[in-house]
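Asks: missing the sequence, but the structure's below:
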């Protein structure tokens, strides 16, 4: 462990010590420390990635925008929507005739309840089929034409209709307390074999409105399906109808994660190729990345705030939000757990430490960061090693970005990840990486991140205006770098003095 | 003081100057004197301390101890400006001109005459003409320096020195990049200056030039005075003996041994620097082949193409008769080559890394364990073995190489390569900037490696080294091999003839 790491660690201890004494009641709270750990973990992963690039004497400014891109991509890859199982496309609606012509033939009977989902212009409605005919469409195909007992709001040439399922019987359940809570059960008048837990159901009434509920459990018996839903039914009765909704997730979780990481890997490779093959300056390449990924993300999701709703609360999102409970106050007012992102950081850091210090590539990075020419003259494929550094940075930005996205569940593309690259670079520099390259360690970067986050914590806890946040962080980094330089000069002077003494003695 | 024939007070008197750098004692108690209107040649091998001495006189560096007198008055030269005011001007080996500016602006750089706060360009050009005339340079002062050939740029530097009424002109290797015609013109200027009472300290490796020009010679060796020679004592052998400090034939300890099969063969090799020329040569196992030539003759470029640093434009490289595709250094290493580059600090070493890590750098991949893990034991044992074999003087293998002396740094570079077991050793100026002791060790090592069957191919600008170490010499001139000399044809004259592009007279 070198002097720089010890120095920055001392600074971290001093900060923590100060806060422990100054505001023990808020700093030393389990929740606060847990939160501090969580933030440090997520930012630390970004810092470790950037550190590799800095060690090769490059820079990666694209991290923050990559975090945003990754957040938007992950949210849209994992986007879930619910749509009726039996949905028929409509080719024409005639309001006066109260008729709906489908795009093809479908199995409808007189008396069937349906729900019409209006196209762009017409309103939705619930109705009953009064007549079924077969008609010839303009393109020559045969289609079903339904006449209904309601008048659509207007003529249209778009929309869908879904067949409704009748409610046979129901059990209202008992809201009660959490222990003896009994969820409502509803028997539907049809055997819906595909319906399963995590699907949803839409209950509609021609006049009394509609309600969408989650299905907790579903079981089809002959001619009927019993479903348990997650919330109270309220105003309800057998005169209501049900639309079973199928849960559709765009991609399975492993594939979504793999795609996000794959895209990040590709982008890192692209940065590396531009830097090594086209000899563009890393600053310029990644600055363009910063601008491009931000703009692209905003366009891709149309500036909509993205999230995961409550779809993955008990699965993937735990990676960002979860914790390993360690302690809980007797009165439940405070608790402490090790946040899951901390374990991710731990794994990333250990792999990074081994990679940097114990593998050939890590050594090559240190060597070429300091003197690329000497490394090249030693037969090292410096281009490839440099590219690896950019790939590591982008992939770790993606890992961090996914954690941030999962944790926050609110990804607004114009601000998500803003300035994160600067936090990461600052942490790496605080932690002992030199922007001249060839210098730095993973432990230092993690501690550097912790210092930044503790500073942020200090600003919050001491009720300093958060408008001063950047000013304070900037000042502390500057002081740290100045102190480092002063110590270095002092050491050099001492060495020179020692040499002079030695020379005099000879 | 050996100088007592002249009773006049010397213009410049240097007494007991000492200067140390990290790891090197550059100068130790060096003394010499310079009379008005005298050309004093200061000679010595690379690393003998000439450049440091001159930098001290020019105010670039300050001595640790010792005193400089001008007109018998002690002076303190703590900046180049102070030196200039005392009339001492250094013309650097690499010219110090702002080559994007014109000749006149360069001559008056930093001392521009002004009128109403603005630069008085008319006066600059007018006065520049006077100084240009004195150095015999017929170019308009409005000419951009960049467009002038290197010899004329040199004369601009001298004109600039005259414009500050220099009394002592220090010329550091002024002819290293000049053609023979330009060299002659420069000599005429120097002789003219001497006749006008300007003193010149002339630093050169070219002993022939020294013989022609110098009134007196001061020899430095290992940062110390090695002796002075007066005008009639200046002979080639005398100078070499003083520079080397012992009998030359012993210093370059060559033995005769068997020369084996052709190890490296180069056919029609074309370098990007000189695409119009094709290079052809062979080197055999156990042979030491020297490459001589002037600076910029294309020798380094040739080695860099051989080693895959620069892309080959054409031609074939054969090792043991088999063609090898060298497009990266890794390919060259795979084929059994190793290159000790010219610029040790830029290309040979990662200065901020330890001896251990530098030694290991070339062999890391081939020694690595499964999964790319470092084989730290092997790295350590190889390094220990090489430190011993090369006799690297270092407190430990954890020492950062920038604190080692030049000679020990060079040994680390060579050790790095020997640990991967090359069969062809390419050396580019292997003894540049290192002390005599380390030189001798490197020569002995080259000899030993050749005896073990290594093909040794070295580029050198030091005539003594070329003459002393080579079994055979290739001489290069402007990108092509202008001739090949066997051991019994070797002489300073024959090498220089070929190096300056003149065909060899039948011999």
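Replies: Okay, I see it. Quantities reported herein were computed from a predicted structural model and do not represent experimental measurements.

Asks: contacts, neighbours, all on C-alpha from now
Replies: Noted.

Asks: what residue is smack in the middle of chain B?
Replies: With distances taken as CA atoms, centre = their mean, the residue of chain B nearest its centroid is residue B:432 (6.1 Å).

Asks: And it, which helix or strand is it part of?
Replies: Secondary-structure element containing residue B:432, defined by DSSP states H and E: none, the residue being outside all helices and strands.

Asks: Give me the pLDDT value at it.
Replies: With respect to pLDDT, residue B:432 scores 81.

Asks: for residue B:46, same thing?
Replies: Residue-level confidence at residue B:46 comes out at 67, pLDDT.

Asks: give me the element residue A:225 is part of.
Replies: When secondary structure is defined by DSSP H and E, residue A:225 falls within strand A:224-229.

Asks: Where do the strands of the stretch 151-300 of chain B begin and end?
Replies: B:168-172, B:199-203, B:216-221, B:224-230, B:262-270, B:279-284, B:288-293 (DSSP state E, counting those that start in this stretch).

Asks: Take these and lay them out in TSV including mean neighbour count.
Replies: Converted to TSV, the strands of the stretch 151-300 of chain B look like this (neighbours: other CA atoms under 10 Å in any protein chain shown):
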stretch	mean neighbour count
strand B:168-172	25
strand B:199-203	24
strand B:216-221	24
strand B:224-230	19
strand B:262-270	19
strand B:279-284	18
strand B:288-293	26
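
Asks: looking at the ones you listed, which is closest to residue A:104?
Replies: Distances from residue A:104 to each of the strands of the stretch 151-300 of chain B were compared using CA to CA; the shortest belongs to strand B:262-270, at 74.5 Å.

Asks: Tell me which other helices or strands that closest one touches.
Replies: When contacts are defined as 3 or more CA pairs under 8 Å, 6 or more residues apart in numbering or on different chains; DSSP states H and E, strand B:262-270 sits against strand B:279-284, strand B:314-319.

Asks: so which of those strands gets nearest residue A:229?
Replies: Closest of the helices and strands packed on strand B:262-270 to residue A:229 is strand B:314-319, at 78.0 Å (criterion: CA to CA).

Asks: Okay, now the sheet partners of the closest one, with direction.
Replies: Each strand that pairs with strand B:314-319, with its direction, by DSSP bridges: strand B:262-270 (antiparallel), strand B:322-324 (antiparallel).

Asks: For residue A:90, pull up the helix or strand it's in.
Replies: strand A:87-94.

Asks: Residue B:330 now?
Replies: Assigned by DSSP H and E, residue B:330 belongs to helix B:329-334.

Asks: what do you get for residue A:167?
Replies: Assigned by DSSP H and E, residue A:167 belongs to strand A:165-171.

Asks: what do you get for residue A:234?
Replies: With secondary structure defined by DSSP H and E, residue A:234 is part of neither a helix nor a strand.

Asks: Next one: it from chain B, what distance?
Replies: Relative to chain B, residue A:234 is positioned 63 Å away (criterion: CA to the nearest CA, to the nearest Å).

Asks: Pop out the phi and psi values for that residue.
Replies: In terms of degrees, to the nearest 10, the main-chain angles of residue A:234 are phi 70, psi -140.

Asks: What parts of the stretch 351-500 of chain B come near chain A?
Replies: Along the stretch 351-500 of chain B, the residues adjacent to chain A under the rule CA under 8 Å from any CA of the partner chain are B:352-353, B:361-362, B:364-365, B:368, B:372-374.

Asks: residues in contact with residue B:10?
Replies: The neighbourhood of residue B:10, defined by CA atoms under 8 Å, 6 or more residues apart in numbering or on different chains, consists of B:33-36, B:70-72.

Asks: Sort out for me which of those are in strands.
Replies: Counting by DSSP state E, the part of the contacts of residue B:10 found in strands is B:33-34, B:70.

Asks: Top of those residues by number of neighbours, please.
Replies: The member of those that has the most neighbours, counting by other CA atoms under 10 Å in any protein chain shown, is residue B:34 with 21 neighbours.

Asks: hey, what's that one bridged with?
Replies: residue B:12.

Asks: that older thread, near chain A, anything from the helix holding residue B:330?
Replies: Yes: Helix B:329-334 reaches chain A (CA under 8 Å from any CA) through B:329-331, B:333.

Asks: what comes into contact with that helix?
Replies: Contact with helix B:329-334 is made by A:376-381, B:306-309, B:325-326, B:338, B:422, as judged by CA under 8 Å, 6+ apart.

Asks: Any of those buried? List them.
Replies: A:376-381, B:306-309, B:326, B:338, B:422 (16 or more other CA atoms under 10 Å in any protein chain shown).

Asks: what mean pLDDT would you report for the lengthiest helix in chain A?
Replies: Of all the segments of type helix in chain A, defined by DSSP state H, the longest one is helix A:469-505. This predicted structure assigns helix A:469-505 an average pLDDT of 79.

Asks: got it, and stretch B:97-110?
Replies: Looking at stretch B:97-110 alone, the average pLDDT works out to 88.

Asks: can you list the domain ranges for chain B.
Replies: B:12-246, B:251-499 (automatic domain parsing).

Asks: Quick one: those domains as CSV, columns for distance to residue A:101 too.
Replies: CSV is the format used below for the domains of chain B (distance: least, CA to CA, whole Å):
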stretch, distance to residue A:101
domain B:12-246, 82
domain B:251-499, 66
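
Asks: mean pLDDT lowest for which of those domains?
Replies: Least confident of these, judged by mean pLDDT, is domain B:12-246 with a mean of 87.

Asks: thinking again about what came up before, among the contacts of residue B:10, which one sits closest to chain A?
Replies: Taking CA to the nearest CA as the measure, chain A sits nearest to residue B:33 out of the contacts of residue B:10, at 26.3 Å.

Asks: just checking, that closest one touches residue B:9?
Replies: No: applying CA atoms under 8 Å, one finds residue B:33 not in contact with residue B:9, separated by 9.5 Å.

Asks: Tell me which of the strands paired with strand B:314-319 lies nearest to residue A:393.
Replies: Distance to residue A:393, taken as CA to CA, is lowest for strand B:322-324 among the strands paired with strand B:314-319, at 36.5 Å.

Asks: what about the closest one, distance to the chain center?
Replies: In terms of CA atoms, centre = their mean, to the nearest Å, the centre of strand B:322-324 is set 34 Å apart from its chain centre.

Asks: Ok, stretch A:474-481 next?
Replies: In terms of CA atoms, centre = their mean, the centre of stretch A:474-481 is found 31 Å from the chain centre.

Asks: for stretch A:39-49, same thing?
Replies: On the basis of CA atoms, centre = their mean, stretch A:39-49 is displaced by 15 Å from the centre of the chain it belongs to.

Asks: Just the buried residues of that stretch, please?
Replies: Using 16+ other CA under 10 Å as the test for burial, stretch A:39-49 gives A:39-49.

Asks: swap in stretch B:228-245?
Replies: Applying a neighbour-count criterion of 16+ other CA under 10 Å, one finds B:228-229, B:234, B:239-240, B:242-244 buried in stretch B:228-245.
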